[in-house]
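A.B. asks: Okay, here's the prediction I keep looking at, along with the sequence it came from:
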Amino acid sequence: MIGALVRKELRELLPWGVLMGALAISEIAVLLVEQIDMLPLGSTFPSLNNAETILYWFAAFAIGTGLVTRERDDGTLGFLDGLPVSRTRVFLVKCAVMLALVLVAPVVRVAAMLAFHAISRESLDAEWHPMLIVQAFGLQMLLIGNGLLVGAALGRLRSLTWFAAGVAAAVLLAVESRMPWTASLNPFSLLDWQPSDAGLRVDRDAILIQSLVAGVALLIAWRGFVGRARARGVQWTERPLAGAAVTVATIGAFVAVFVIAVPRLARYVAAEGARGESHAYVFAESPPAQLATRHYRFSYPARESETALAVAAEADAIFERVHALLGVPLGEPIDVDASGSAPNTHGTAFFGRIRMVLDGDADLVLAHETAHVVAQRAAGGATAVRWAAADVLSEGLASWVDAHYRPSTWTRDDRMLTLAALHSRRELRIEELAAPAVLAVERDEGLKYSAGDALIRAVVRLYGESALPRLLDAFADSRLPSNVGGLDLWQAAFQLAGLDLPAVVDEFYREVSAYAETHAAEIAALPRPRALLVTAGRAYAVFVLVDDGANGILPAGEGLGADLPDFVLRVRPAPDSPLATFTSVDLPATRLYWLSPQQYATGRVCAQPGVKIGSERLLEPWSCTPLGDAAPLDLSAVQQGR
C-alpha cells in the first residue's frame, strides 16, 4: 500500500521532479563549459551555499503549499480515507516524496562535484574532505526541509499563502537590523557559514531556531491534514474582487521585501568587494613534481617548475648560511611543500617542515622559514614550546636572518616608523611584546616581525652574533622554569644565556627613540583615524573620521591630500571577543564598512581603525559603541566622497 501511495505522489509531483532535474542539469552544464579536469573541491565547494541553494528553498516552499490542501481541494481525500492506511502515514509518505524530489538537484550537484574532484585531484589534493561536504549538505537538507514544511503550514491559507509569506519576510527584514537576534529567524541564515580545517563554522542559534520552526510547521501541517473538518475560513478570497485585492496585496508585500532587501544586498556586495575576501574554500593545490638537494626535499606544482628549480639551485647555500648566521651546526634535511602556505602568509614552518609560496621572493621566504626550523631544533626540537611562546623573539630572529637576503636597497624604514610612532604615543610596551595573545588583540599581530627584528638587532649590537646560539640553547635548557610565561620567560632565558634583558630592552628603545627624533615631523603628519558607528535605515556601518592635523576632524575623503596613506579597520562584536571573531579589512575610498548582523549581535560594535605604512599597520586603540549611539549617515554624501 505504501508503494502505491509513493507511485501516486510521484505521478502527481512529476513536474516538480522535472524542474529540479533541469536545475541540476543546468548547473552541471555551466561547469562543463570549464576544463573539467581543473575543478577540484576548492573550485566547486562554494556552490553549496550560493544563490541556487536559496532557489531550492523557494521550490520546496512552493511544492509544500499543496501538501495539506491538494487532496482536500481535489476531492481525493475521501478516497484515501477508504484505504487501509492512516492519514498520518499518508501525510508522512507525501512529505518524504516531496522532500526526495526537491533534493534531486542538491544530490546531483554534490555527486557532480565529487566526480569533478575525482578527475581533478592529484597528490596532495587527494583529500575528499567528507566532513565538510556532509555538514554543508546537512545544512542544505535542513533549509529545504524548512521550506517544505513552512510552505505546508502556510498552505492552509490557500490564496493567502504567498501574501502571508511576503508579509512575514518584510517584517523579518524590517526588524532584523533593530533586533539582531532575529537574524536567526531568517531561514537563509543557515547558509551563512564559513569553512575551516576543523569543519564548518556555523551559527548554532540559526540551526536550533530553524529546526524548531520546521518542527512547529510540521505539527501545524500534520494537524491540518489529519483534521476532519474542512477549512473554510478563507473561501471569501475566491470572490473576484476579494481575489484581486489579495493579488494586489501579495504583490505589495513582495515589493516591500524587494525595497528592503535589494539595497541591503547591494551594500553587502559592495562591502565584500571592498573587503577583498573570497568565501571559497581553498584546498591545497597539487604538487605533482618533486626534487631533492643535499639539505632539502621539495614538492611543488609542475607549472611552477622554473621558479622551483631556481630556488632549489640556491637552497643549499641558504641552508648553510642560515646555520652559520645562527651559530648552529648543520642539521637534518628539511621537507618543503611549495604548493602554498597558510592564508595571508608567504610561508610557515611547523614541526621541522616548511610550507611556502613560490614567488619572486621565494629565496627570502625559504631563508626566513629555514631560520624558524633551525631555531626550533636548537631550542628543543619537537618540545620547543617555550621558544614558540616567545613569538616576537622567534619571528624577530627569522626576520633578522631574512634581512641578509633582501636587496641592498631595502631599508627598515616602514618597520621603524611604525615602532617609532607607537613609541611616541607611549603604546610600544615590552610587556605586550612578550605576550603574543595580548599583542595580537590590542595592537597588530604583524608587529611581532618589526619589533622582534629590532630586539634581535639590539642583542647583536650588545653581545655579538655569538649570543644568538646561547639564547636558543637557553630555551632548550631543562633549568628554564616551565611554569612561567611572558616577560618572566624572557628574563629567565636571557639570564641562563648570560645576557642582560634590561640592557637589551634599553638598547631597543634607544634605537626606536633615535629614529622617532629624526622622523618627528613625519610621525606628527600621520593621520589619526577615528571610528564612528553610523546607521542608514536599518543597516549599520563603521565610518572612519580622519584628523589631518590642520583642518581638524573631517569625514574621510574630504579636504585630505592625495598622498594620504591607505586605511585599515578591525571590528569585533564585544571587548572580550576572541581573536577568531575579529574582522580585518582594507577600507574602500569612502572609508565606510558595512556590518553584518553577526558583527553587532551583542548590541554594540568595537572598532579599531588604522593606517598602512608600507606593508606595516599602525592601529589606534579600540573603541566600543552601543547600537543606540549610532549616528545617522547621509548616504548621498558618502556616494559623493564627502
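C.D. replies: Sure thing, it's come through.
A.B. asks: any low-confidence regions in the stretch 501-642 of the chain?
C.D. replies: Applying pLDDT under 70 to the stretch 501-642 of the chain flags residues 547-565, 634-642.
A.B. asks: gap between the two ends of stretch 378-388?
C.D. replies: 12 Å (Cα to Cα, to the nearest Å).
A.B. asks: which parts of that stretch are buried?
C.D. replies: Buried residues in stretch 378-388, defined by neighbour count with 16 or more other Cβ atoms under 10 Å: 378-380, 384, 386-388. No exception for glycine: its C-beta is placed from N, CA and C like everyone else's.
A.B. asks: which one of those residues is nearest Val441?
C.D. replies: Nearest to Val441 among the buried residues of stretch 378-388: Ala388, at 18.3 Å, using Cβ to Cβ.
A.B. asks: and the closest one, what element?
C.D. replies: Assessed by DSSP states H and E, Ala388 sits inside helix 385-389.
A.B. asks: Give me the contacts around that helix.
C.D. replies: For helix 385-389, contacts defined as Cβ atoms under 8 Å, 6 or more residues apart in numbering pick out 375-376, 379-380, 393-394, 436, 472, 475-476, 480, 482, 485, 489, 493.
A.B. asks: Please pick the buried ones from the residues you listed.
C.D. replies: Applying 16+ other Cβ under 10 Å to these flags 375-376, 379-380, 393-394, 436, 472, 475-476, 480, 485, 489, 493 as buried.
A.B. asks: pLDDT (mean, whole number) over the helix holding Ala388?
C.D. replies: Per-residue pLDDT values over helix 385-389 give a mean of 87.
A.B. asks: cool, and stretch 136-144?
C.D. replies: Here stretch 136-144 scores 87 as its mean pLDDT.
A.B. asks: how about it as CSV, C-alpha atoms only?
C.D. replies: Coordinates of each C-alpha in stretch 136-144 appear next as CSV, following Å, rounded to 0.1, in the frame of the first residue of the first chain:
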residue,chain,number,x,y,z
ALA,A,136,27.2,21.5,4.1
PHE,A,137,24.7,19.1,2.6
GLY,A,138,23.1,18.6,6.0
LEU,A,139,22.5,22.3,6.2
GLN,A,140,21.0,22.3,2.7
MET,A,141,18.7,19.5,3.8
LEU,A,142,17.6,21.4,6.9
LEU,A,143,17.0,24.5,4.7
ILE,A,144,15.0,22.6,2.1
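A.B. asks: Enumerate the positions of it that are buried.
C.D. replies: Those would be 136-137, 139-144, for stretch 136-144 by 16+ other Cβ under 10 Å.
A.B. asks: What about the residues you listed, which are in helices?
C.D. replies: 136-137, 139-144 (DSSP state H).
A.B. asks: can I get those residues in a markdown table with distance to Ala310?
C.D. replies: Shown next, in a markdown table, are those (distance: Cβ to Cβ, whole Å):
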| residue | distance to Ala310 |
| --- | --- |
| Ala136 | 40 |
| Phe137 | 44 |
| Leu139 | 45 |
| Gln140 | 46 |
| Met141 | 50 |
| Leu142 | 51 |
| Leu143 | 49 |
| Ile144 | 51 |
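A.B. asks: Out of the residues you listed, which is nearest to Leu330?
C.D. replies: Ala136 (47.3 Å).
A.B. asks: For Ala420, state which of the ones in helices among the buried residues of stretch 136-144 is nearest.
C.D. replies: The closest of those, once distances to Ala420 are taken by Cβ to Cβ, is Ala136, at 47.8 Å.
A.B. asks: Nearest spatial neighbour of the closest one, chain-adjacent residues omitted?
C.D. replies: What sits nearest to Ala136 in space, not counting adjacent residues and going by Cβ to Cβ, 6 or more residues apart in numbering, is Leu48, at 4.1 Å.
A.B. asks: Check the secondary structure at that neighbour for me.
C.D. replies: The three-state label given to Leu48 by DSSP: H, G, I helix; E, B strand; the rest coil is helix.
A.B. asks: among the buried residues of stretch 136-144, which two are most distant?
C.D. replies: The most widely separated members of the buried residues of stretch 136-144, counting by Cβ to Cβ, are Ala136 and Ile144 (12.8 Å).
A.B. asks: ok, the closest residue to Val401 other than its chain neighbours - contacts?
C.D. replies: Of all residues not flanking Val401 in the chain, Ala371 sits nearest, at 3.9 Å (Cβ to Cβ, 6+ apart). The neighbours of Ala371, taking Cβ under 8 Å, 6+ apart as the test, are 322, 325-326, 397-398, 401-402.
A.B. asks: Looking at those residues, which are in helices?
C.D. replies: Using DSSP H, the contacts of Ala371 in helices are 322, 325-326, 397-398, 401-402.
A.B. asks: wait, which of the ones in helices among the buried residues of stretch 136-144 is closest to Ser339?
C.D. replies: Of all these, Ala136 has the smallest distance to Ser339: 24.0 Å, by Cβ to Cβ.
A.B. asks: Please spell out the segments of the stretch 1-150 of the chain that come in under the pLDDT threshold.
C.D. replies: 1-2, 4-5, 8, 33-38, 71-84, 121-126.
A.B. asks: all strands for it, in order.
C.D. replies: Taking DSSP state E, counting those that start in this stretch, the stretch 1-150 of the chain contains no strands at all.
A.B. asks: all helices of the stretch 1-150 of the chain, in order?
C.D. replies: Secondary structure of the stretch 1-150 of the chain (DSSP state H, counting those that start in this stretch): helices located at 2-12, 14-32, 41-44, 51-64, 70-74, 77-81, 87-102, 104-120, 130-155.
A.B. asks: Make JSON lines out of those and add distance to Ala520.
C.D. replies: Shown next, in JSON lines, are these (distance: least, Cβ to Cβ, whole Å):
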{"stretch": "helix 2-12", "distance to Ala520": "80"}
{"stretch": "helix 14-32", "distance to Ala520": "59"}
{"stretch": "helix 41-44", "distance to Ala520": "49"}
{"stretch": "helix 51-64", "distance to Ala520": "54"}
{"stretch": "helix 70-74", "distance to Ala520": "80"}
{"stretch": "helix 77-81", "distance to Ala520": "87"}
{"stretch": "helix 87-102", "distance to Ala520": "68"}
{"stretch": "helix 104-120", "distance to Ala520": "57"}
{"stretch": "helix 130-155", "distance to Ala520": "53"}
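A.B. asks: So for Glu507, which of these sits nearest?
C.D. replies: helix 41-44 (47.2 Å).
A.B. asks: Among the buried ones among the contacts of helix 385-389, which ones are in helices?
C.D. replies: Counting by DSSP H, the buried ones among the contacts of helix 385-389 contribute 375-376, 393-394, 436, 472, 475-476, 489, 493 to helices.
A.B. asks: Quick check: which helices or strands does the helix or strand encompassing Val534 pack against?
C.D. replies: Using DSSP H and E, Val534 sits in strand 528-536. With contacts taken as 3 or more Cβ pairs under 8 Å, 6 or more residues apart in numbering; DSSP states H and E, strand 528-536 sits against strand 539-547, strand 604-613, strand 623-626, strand 631-632.
A.B. asks: hmm, back to that, nearest to Ser211 among the ones in helices among the buried ones among the contacts of helix 385-389?
C.D. replies: Out of those, the member with the shortest distance to Ser211 (by Cβ to Cβ) is Pro436, at 39.2 Å.
A.B. asks: Tell me who's in contact with the closest one.
C.D. replies: Pro436 neighbours (Cβ under 8 Å, 6+ apart): 389, 391-392, 445, 448.
A.B. asks: Of these - the most surrounded one?
C.D. replies: Most neighbours among the contacts of Pro436, by other Cβ atoms under 10 Å: Val392, with 25 neighbours.
A.B. asks: Is that residue in contact with Ser450, as I believe?
C.D. replies: No - Val392 is beyond contact range of Ser450, at 9.7 Å (criterion: Cβ atoms under 8 Å).
A.B. asks: rewinding a little: strand 604-613 and the strand holding Val534, what's the angle between them?
C.D. replies: Counting by axes from the mean of the first three to the mean of the last three Cα atoms, to 10 degrees, strand 528-536 lies at 140 degrees to strand 604-613.
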